[in-house]
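Engineer: 3D model of this:
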Amino acid sequence: MLYLLGLSCVLLRVCAVFGTELTFELPDNDKQCFYEELEQDVKFDIDFQVIAGGNYDVDCFVTDPRNNVLYNERKKQYDSFSHTTAMKGVYQVCFSNEFSTFTHKLVYLDFRHGDEEPILQSMSRSTALTQLESSCVAIHEVLKVVADSQTRYRLREAYDRTKAEHLLQRVTYWSVGETALLFFIGIGQVMLLKSFFSEKKGSVVAAT
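Structural biologist: Numbers count the residues shown, from 1 in each chain. Sure thing, here's the model as predicted:
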């Protein structure tokens with residue numbers, strides 16, 4: 001009963017975490033931006049990874065409300081960025097695929113901000129944790145590890161699936177090309193053999 005109650009506390013706390021996790025398609029010669037209004041002295045973290053498309057790279061930059069560049073990287077496959085805001089306002093996270101002329105990308109983005117609050121309000125006091133509080137903390141930490149592991153496995157599965165589909169497409173095209181080539185070679189050999197017999201028949205008639 002104690003662990004069930006602790007699990008309920010953790011689930012409620014996990015749902016209250018401020019963050020955005022999404023996967024979006026970035027067309028070629030295009031740029032997409034995301035905006036978040038943050039208070040001063042708020043820490044935010046950004047994780048991104050290109051799952052599919054071209055060389056699996058993308059341009060990324062982050063700006064503050066005054067358009068000061070906080071982060072700017074070119075042709076990155078994946079990266080992480082952390083920053084504590086110096087002012088209140090709208091912060092901008094942009095991904096650019098403008099250097100690609102015909103290949104669209106599939107990008108994963110995880111945006112988190114704010115400090116994690118105590119699981120229970122009673123944990124804010126400077127006293128030893130009770131058995132219930134200790135159980136809540138232990139389960140909460142395990143759930144965070146499980147959530148991170150699931151995210152990594154989903155990204156790896158999506159990356160490997162895209163690679164496999166691309167390889168299947170190339171093998172299919174190669175097989176179709178080989179089939180067509182063998183077909184034309186077969187027709188050419190039949191016609192060549194037919195021409196040999198035709199010449200032989202003509203020479204016999206001439207000798208007669």
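Engineer: counting contacts, what elements does the helix or strand containing E25 pack onto?
Structural biologist: Here E25, judged by DSSP states H and E, is contained in strand 19-26. Strand 19-26 sits against strand 31-38, strand 105-113, with contacts defined as 3 or more C-beta pairs under 8 Å, 6 or more residues apart in numbering; DSSP states H and E. C-beta: built from backbone N, CA, C; applies to glycine.
Engineer: those strands into JSON lines, with extra columns for distance to Q189, mean pLDDT and mean neighbour count?
Structural biologist: Putting those into JSON lines (distance: least, C-beta to C-beta, whole Å; pLDDT from 0 to 100; neighbours: other C-beta atoms under 10 Å) gives the following:
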{"stretch": "strand 31-38", "distance to Q189": "55", "mean pLDDT": "92", "mean neighbour count": "14"}
{"stretch": "strand 105-113", "distance to Q189": "46", "mean pLDDT": "89", "mean neighbour count": "19"}
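Engineer: show me the shaky parts of this protein.
Structural biologist: 1-19, 115-129, 199-208 (pLDDT under 70).
Engineer: now with 50, please.
Structural biologist: Scanning the chain for pLDDT under 50 picks out 1-17, 206-208.
Engineer: ranges for the helices of it?
Structural biologist: With DSSP state H, the ranges of helices along the chain come out as 2-15, 131-207.
Engineer: most packed of these?
Structural biologist: Neighbour counts (mean count of other C-beta atoms under 10 Å) averaged over each of those peak at helix 2-15, with a mean of 14.
Engineer: still on that earlier bit, just give me how far the strand holding E25 sits from the chain centre.
Structural biologist: 9 Å (C-alpha atoms, centre = their mean, to the nearest Å).
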